[in-house]
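1. Got a predicted model here, sequence first, then my questions.
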Amino acid sequence: MPIDQVAYDALKRYCDERGVQLIAVSKTKPNEDIMVLYELGHRDFGENYVQELVKKQEELPKDIRWHFIGHLQSNKIKYIAPFVSLIHGVDSAKLLQAIDKEARKANRQISCLLQVHIAQEETKFGFDLDELRKTAAELFLEKKYSHVSLKGLMGMASFTSDETIIAAEFQGLKSIFDEIKSTYKSEAEGFNTLSMGMSSDYKIAVEYGSTMIRVGSILFGAREYKVDS
């Protein structure tokens with residue numbers, strides 16, 4: 001399916017008017033599709049498979065800002081540590097420690113978002129509130145992870161058509177975000193990103209304070225799955 005430029009222009013205008021950053025989720029999509037958006041001026045793309053991300057980073061323009069938005073395994077951090085712009089789904093202190101280690105080897109600070117578990121499904125990953133508060137203190141007060149720059153929080157709402165449930169979950173995450181930001185104030189100067197909202201629920205997310213949305217199917221069409229023969 002070709003890129004829907006009309007949809008992109010409308011979505012970009014929507015985001016610009018509200019001060020929201022648009023991440024084009026390009027996972028499983030060919031380089032040609034990414035380049036269509038690139039030629040329109042877009043630079044922020046989201047991937048959730050390490051091997052695919054590394055290949056695209058090697059082949060595509062170097063000024064693209066790559067966002068890793070999937071569930072990241074510790075043993076694969078080293079492959080994206082030299083170039084990744086933002087890791088969205090840091091869902092445990094163990095993973096954060098591994099990112100800090102690989103960032104030190106790469107001689108850079110890696111920007112991260114802590115993923116908070118806000119959905120009803122058990123399959124979603126993320127910190128609970130107590131873990132989040134403990135990790136925020138380690139980052140901002142104890143300076144435990146010197147090669148990680150915490151930029152904010154990320155959350156995924158329940159997969160449901162009930163918008164009241166989605167709204168409540170996003171509202172809850174915004175409250176947590178505000179709590180962390182107000183607790184640490186000057187220490188959390190760069191803590192400004194609240195990544196929540198995808199193709200199906202981004203308008204609700206923006207209504208409740210999202211500063212970054214991750215949208216794929218609206219721009220690229222339905223995801224393509226490989227079927228083993």
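-> Nice, I can see it.
2. For the longest helix along the chain, give me every contacting residue.
-> If you go by DSSP state H, the chain has its longest helix at helix 163-184. Under the criterion CB atoms under 8 Å, 6 or more residues apart in numbering, residues 116, 118-120, 129, 132-133, 136, 140-141, 152-153, 155, 157-158, 160, 188, 191, 194, 196-197, 201, 204-205, 207-210 lie in contact with helix 163-184. Placement of C-beta: from N, CA and C, glycine included.
3. mind listing what's buried in that helix?
-> Residues 166, 167, 169, 170, 172, 173, 174, 176, 177, 180, 181, 184 are the ones in helix 163-184 that count as buried (16 or more other CB atoms under 10 Å).
4. ok, the last one to residue 112 distance?
-> Between residue 184 and residue 112 the distance is 16 Å, computed by CB to CB, to the nearest Å.
5. burial of the nearest residue to residue 103 once chain neighbours are set aside, as a residue count?
-> Leaving aside its chain neighbours, residue 103 sits nearest to residue 147 (3.7 Å; criterion: CB to CB, 6 or more residues apart in numbering). Residue crowding around residue 147 was assessed by other CB atoms under 10 Å; the count is 17.
6. Check the gap between residue 147 and residue 60 for me.
-> If you measure residue 147 against residue 60 using CB to CB, the figure is 26 Å.
7. swap in residue 176?
-> As defined by CB to CB, residue 176 lies at a distance of 35 Å from residue 60.
8. what does residue 116 give?
-> As defined by CB to CB, residue 116 lies at a distance of 31 Å from residue 60.
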